[in-house]
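Chemist: Sequence and predicted model, in that order:
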Amino acid sequence: MVETKNVKPVSSDVELKDRLVAINRVTKVTKGGRAFSFAAIVVVGNESGVVGYGLGKASEVTAAIAKGVEAAKKNIVKVPVLKGSIPHEQSAKFGGAEVLLRPASHGTGVKAGGAMRAVLESVGITDVLAKSKGSSNPHNLVKATIKALSELRDPFTVAQNRGVSMEKVFKG
């Protein structure tokens, strides 16, 4: 599991949209033949700063996705989104996957691939430059992306922690 600092329970009235990141068919060989099951990694988010991920395993694809959605709802992270982008550059590593997220100007779009794109769009980020290095394993990419997003700090929090005004934070 990813260690997160900003975990907040989300009330059930918040509308979370789910996105299927990857589905994996797993085979168990028994004396009676092969037994197939499925593992699905799912990302949920409300597209305004809340995201979570979950892994569901079942003998049917739809059941695996449903279990993944339920697991994702229990693993929610709050992310600061400023004007459709992130407040500052951030990198994170999980397993063999390393991600780099950079803020982008309005109109750039989400420049990210596969698993990272699903997470960033679920959060509600519309403009970001993202790079994945190392492993392309979707499980580790999702976890590294959520770890990077959970480490983001908005300017208001920085000003409060330093005990200075917002103007001093931006003067640098």
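Modeler: In hand now; what should we look at?
Chemist: which residues of the chain fall in strands?
Modeler: Along the chain, counting by DSSP state E, strands occupy 17-30, 33-45, 50-58, 76-78, 90-94, 97-103, 110-111, 128-134.
Chemist: could these go into CSV alongside mean pLDDT, mean neighbour count and distance to A66?
Modeler: Placement of C-beta: from N, CA and C, glycine included. Listed next are these as CSV, based on pLDDT from 0 to 100; neighbours: other C-beta atoms under 10 Å; distance: least, C-beta to C-beta, whole Å:
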stretch, mean pLDDT, mean neighbour count, distance to A66
strand 17-30, 94, 13, 9
strand 33-45, 96, 19, 9
strand 50-58, 96, 22, 7
strand 76-78, 93, 21, 17
strand 90-94, 95, 18, 25
strand 97-103, 95, 21, 26
strand 110-111, 92, 17, 27
strand 128-134, 94, 18, 28
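Chemist: now for these, which one comes closest to S165?
Modeler: Using C-beta to C-beta as the measure, strand 97-103 is the one of the strands of the chain that comes nearest S165, at 22.1 Å.
Chemist: would JSON lines of the strands of the chain with distance to F170 be doable?
Modeler: Shown next, in JSON lines, are the strands of the chain (distance: least, C-beta to C-beta, whole Å):
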{"stretch": "strand 17-30", "distance to F170": "33"}
{"stretch": "strand 33-45", "distance to F170": "28"}
{"stretch": "strand 50-58", "distance to F170": "26"}
{"stretch": "strand 76-78", "distance to F170": "23"}
{"stretch": "strand 90-94", "distance to F170": "18"}
{"stretch": "strand 97-103", "distance to F170": "14"}
{"stretch": "strand 110-111", "distance to F170": "25"}
{"stretch": "strand 128-134", "distance to F170": "20"}
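Chemist: between those strands, which gets nearest to L141?
Modeler: The nearest among those, by C-beta to C-beta, is strand 97-103 at 4.7 Å.
Chemist: No further questions, thank you.
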